[in-house]
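Peer 1: Take this sequence and fold it.
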Amino acid sequence: MFSRRAFAIVAAAAALGAAIGCLATPASPPPRPSADGDLLDITVSQLHRLYDARKYTVTEVVQWHLDRIDRYNGVYGAIETVFHREALADAAREDAGGGTRGPLWGVPIVIKANTSIKGQITTAGWAGFRRAGHELIAPKDATVVAKFRAAGAIIVGLANMPDLAASDTNRSSSFGRTGNAYDVRFSPGGSSGGVVTAVAANMAVLGNGTDTGNSIRMPAATSALFGVFPTRGLVSIAGIAPLDWLLDNTGPIARTASDAAIALAVMAGEDPLDPRTAVSPASAQRPPYEPYLKADALKGKRFGVPAFVLAGAGVPFHGVPSNVPEPAAAKLRHQSDVPLQPATRAMFMKSVEALRAAGAEVILDDSILPARFATIASRVSTYAYVQDGTNRFLAVFGPPEYHSAAEYLKAVGSPLFPSSIGTEEYARHPGGVSIEQHVLDRDPDAQRTYLGPRSVMLAAYLEPLERLKLDGYVYPAIQMPPPDETMAQDGRVSEGPHSATSWVNMIGVPAVVVPAGFYASGLPFGLEFSGRPWTDGHLLATAYAWEQATHLRKLPTLVDHGLLPVTPAREARGH
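Peer 2: Numbers count the residues shown, from 1 in each chain. Below is the predicted model of the structure:
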């Protein structure tokens with residue numbers, strides 16, 4: 001999601017939050033070498049085999065991950081709030097036989113900071129939710145957190161993210177900057193950058209990301225991870241502080257396709273707090289997803305390459321209202337263009353050849369989601385309803401002091417973050433048209449502005465799949481390599497990297513990012529697949545078969561001393 005704040009504001013945020021520290025909490029003693037050999041890059045199934053063999057207790061595994069956090073978090077800034085005491089208490093209870101042995105039993109995980117954990121501050125990366133006396137303390141767990149707990153997972157921390165997820169990089173006013181695990185100077189992408197750095201750096205086995213315009217998939221691509229955007233409605237978003245609830249989604253981020261499949265199965269399911277989870281066809285592919293994972297699943301598959309992605313045709317975030325005249329809408333679309341950089345195009349074409357070598361057919365044709373698809377997508381307009389989503393969230397997951405944006409303003413004396421209440425100047429006056437905030441269910445214009453254009457867009461997405469008998473689409477997850485954040489990019493502080501994938505959110509179709517090699521710089525490149533709605537099992541099968549055919553992921557080499565000064569927020573909290 002693109003941050004369009006003024007340069008001065010971005011520069012100020014960079015000065016306070018962009019740096020990575022060398023003044024971290026004193027490191028714990030180095031873990032024993034045997035534990036490193038056993039636990040680095042461990043999968044869920046491997047960890048369970050170690051538990052079954054009684055080689056490690058849950059407490060020992062959790063402590064190993066907490067030691068990793070203590071050693072590296074001061075440099076990488078991945079985890080805003082570390083649950084040392086709580087995680088070890090949960091681990092001890094599991095070791096004592098106090099829990100149900102579910103599919104994630106004893107697995108250390110991280111939760112993104114916009115996802116409610118009972119009794120903890122849901123910062124969503126924003127200092128405003130940490131304001132003394134007015135903290136957003138969650139009254140209960142988000143639905144996905146409750147599901148993780150029920151599956152036996154151990155939560156070791158809340159991962160850093162940019163303010164209310166409104167950025168393509170990972171700087172927060174609440175905690176500072178997160179660095180890329182493969183090179184701390186570079187961006188891990190936003191807004192799930194804290195989760196991907198934590199998982200890539202082995203501070204946790206997996207985590208949940210959230211995605212409003214690319215925020216699971218783009219960060220996963222920067223960090224050689226698997227990131228899953230489920231069919232919208234498969235997983236509840238209840239308890240997640242929204243950016244744009246009509247585009248928001250949550251899904252797993254993991255180091256392997258099988259771990260992603262296990263985690264998605266845990267997260268999936270109907271939830272009365274999220275009505276979209278109650279609407280699914282009988283043909284929907286439901287958990288468990290591991291039976292879908294076949295090493296030869298790519299053989300005979302047909303994938304199309306979206307022409308508009310390769311051309312860099314833009315789709316404005318939140319869309320363009322239908323009453324914006326076409327010339328002005330075209331200008332807005334052009335401003336959102338994200339050219340595909342040559343190095344990324346070259347990596348993508350290598351991936352195409354690897355797909356073909358694995359038995360898949362890849363079709364490049366200008367008729368497959370051409371530039372006019374971006375034009376159609378741009379008319380799915382959601383900005384008029386962002387405050388509605390924020391109020392729905394606060395009504396259930398806000399603290400007693402405020403259960404709406406209006407109550408926050410009254411209690412605190414200042415408004416909520418602009419992107420969450422629809423007051424960003426650039427977004428509320430597109431093409432000279434003023435956007436007022438409305439309640440979706442009571443807006444007589446909802447069919448014209450959102451529901452109707454969304455149906456048209458979905459039909460346009462499905463048409464090439466049916467006409468060409470395709471199994472899905474394949475394209476670069478990002479239009480460029482991760483940028484170096486120690487220097488200006490294109491004459492300004494880095495706001496990226498940027499992708500051309502926000503259209504996935506507009507129709508809620510499933511997508512997955514897979515590790516697909518490394519640039520000459522040593523930074524990862526990620527490949528994205530998308531498919532038909534409710535075919536999440538087939539998409540995970542594609543990811544698994546790609547993984548087995550290529551084995552392109554490798555461990556990052558971490559540093560335990562930062563190159564840049566510590567951020568004030570991190571210094572104050574001893575991280």
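Peer 1: contacts and neighbour counts: CA atoms only from here.
Peer 2: Noted.
Peer 1: So which residue is dead centre in the protein?
Peer 2: Residue closest to the mean C-alpha point of the chain, counted by C-alpha atoms, centre = their mean, is residue 216 at 2.2 Å.
Peer 1: can you pull out the strands in the chain?
Peer 2: Here the chain has its strands, by DSSP state E, at 79-82, 108-112, 154-159, 171-172, 176-177, 206-210, 226-229, 250-254, 302-305, 361-364, 472-476, 511-518, 524-530.
Peer 1: still on that earlier bit, find the nearest non-adjacent residue to the residue nearest to the centre of the chain, please.
Peer 2: Distances taken as C-alpha to C-alpha, 6 or more residues apart in numbering place residue 209 nearest to residue 216, at 5.3 Å, with adjacent residues excluded.
Peer 1: Check the burial of that neighbour by counting its neighbours.
Peer 2: 33 (other C-alpha atoms under 10 Å).
Peer 1: Helices along the stretch 401-550 of the chain, start to end?
Peer 2: 405-412, 418-421, 425-428, 446, 452-467, 503-507, 536-550 (DSSP state H, counting those that start in this stretch).
Peer 1: Adding distance to residue 123, write these out as JSON lines.
Peer 2: Below are these laid out as JSON lines (distance: least, C-alpha to C-alpha, whole Å):
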{"stretch": "helix 405-412", "distance to residue 123": "14"}
{"stretch": "helix 418-421", "distance to residue 123": "13"}
{"stretch": "helix 425-428", "distance to residue 123": "23"}
{"stretch": "helix 446", "distance to residue 123": "31"}
{"stretch": "helix 452-467", "distance to residue 123": "31"}
{"stretch": "helix 503-507", "distance to residue 123": "23"}
{"stretch": "helix 536-550", "distance to residue 123": "30"}
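Peer 1: So which of the ones you listed is nearest residue 288?
Peer 2: Closest to residue 288 of the helices of the stretch 401-550 of the chain is helix 536-550 (C-alpha to C-alpha; 8.6 Å).
Peer 1: which stretch among the strands of the chain comes nearest residue 370?
Peer 2: Between residue 370 and the strands of the chain, the tightest spacing by C-alpha to C-alpha is seen for strand 302-305, at 9.8 Å.
Peer 1: on that earlier part again, just name the most buried of the strands of the chain.
Peer 2: Of all the strands of the chain, strand 226-229 has the most neighbours on average by mean count of other C-alpha atoms under 10 Å, namely a mean of 34.
Peer 1: In terms of secondary structure, what does it contact?
Peer 2: helix 217-222, strand 250-254, helix 257-267, strand 511-518 (3 or more C-alpha pairs under 8 Å, 6 or more residues apart in numbering; DSSP states H and E).
Peer 1: got the contact list for the residue nearest to the centre of the chain?
Peer 2: Contacts for residue 216 were tallied using C-alpha atoms under 8 Å, 6 or more residues apart in numbering; they are 191-192, 209-210, 227-229, 250-251, 253.
Peer 1: if we can go back for a sec, mind putting the strands of the chain in TSV, distance to residue 419 and mean pLDDT included?
Peer 2: Formatted as TSV, the strands of the chain follow (distance: least, C-alpha to C-alpha, whole Å; pLDDT from 0 to 100):
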stretch	distance to residue 419	mean pLDDT
strand 79-82	21	98
strand 108-112	18	99
strand 154-159	20	98
strand 171-172	14	96
strand 176-177	19	95
strand 206-210	16	98
strand 226-229	22	99
strand 250-254	19	99
strand 302-305	32	98
strand 361-364	37	98
strand 472-476	27	98
strand 511-518	25	98
strand 524-530	27	98
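Peer 1: Those into JSON lines, with extra columns for distance to residue 187?
Peer 2: Below are the strands of the chain laid out as JSON lines (distance: least, C-alpha to C-alpha, whole Å):
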{"stretch": "strand 79-82", "distance to residue 187": "15"}
{"stretch": "strand 108-112", "distance to residue 187": "17"}
{"stretch": "strand 154-159", "distance to residue 187": "15"}
{"stretch": "strand 171-172", "distance to residue 187": "10"}
{"stretch": "strand 176-177", "distance to residue 187": "9"}
{"stretch": "strand 206-210", "distance to residue 187": "16"}
{"stretch": "strand 226-229", "distance to residue 187": "17"}
{"stretch": "strand 250-254", "distance to residue 187": "17"}
{"stretch": "strand 302-305", "distance to residue 187": "27"}
{"stretch": "strand 361-364", "distance to residue 187": "30"}
{"stretch": "strand 472-476", "distance to residue 187": "17"}
{"stretch": "strand 511-518", "distance to residue 187": "15"}
{"stretch": "strand 524-530", "distance to residue 187": "11"}
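Peer 1: quick revisit: next, find the distance separating the residue nearest to the centre of the chain from residue 444.
Peer 2: Residue 216 is 33 Å from residue 444, where distance means C-alpha to C-alpha, to the nearest Å.
Peer 1: contacts for stretch 431-449?
Peer 2: Taking contacts as C-alpha under 8 Å, 6+ apart, the residues outside stretch 431-449 that touch it are 321-325, 328-329, 332, 379-388, 422, 428-429, 453.
Peer 1: hmm, which of the residues you listed are the buried ones?
Peer 2: Buried subset of those (neighbour count, 16 or more other C-alpha atoms under 10 Å): 321-322, 324, 329, 332, 379-388, 422, 428, 453.
Peer 1: Show me what the longest helix seen in the chain is packed up against.
Peer 2: If each helix of the chain is counted by residues according to DSSP state H, the longest one is helix 58-76. Helices and strands touching helix 58-76, by 3+ C-alpha pairs under 8 Å, 6+ apart, are helix 84-95, strand 108-112, strand 154-159.
Peer 1: Direction included, what does the second one pair up with?
Peer 2: The partner list of strand 108-112 in its sheet, established with DSSP bridges, is strand 154-159 (parallel), strand 206-210 (parallel).
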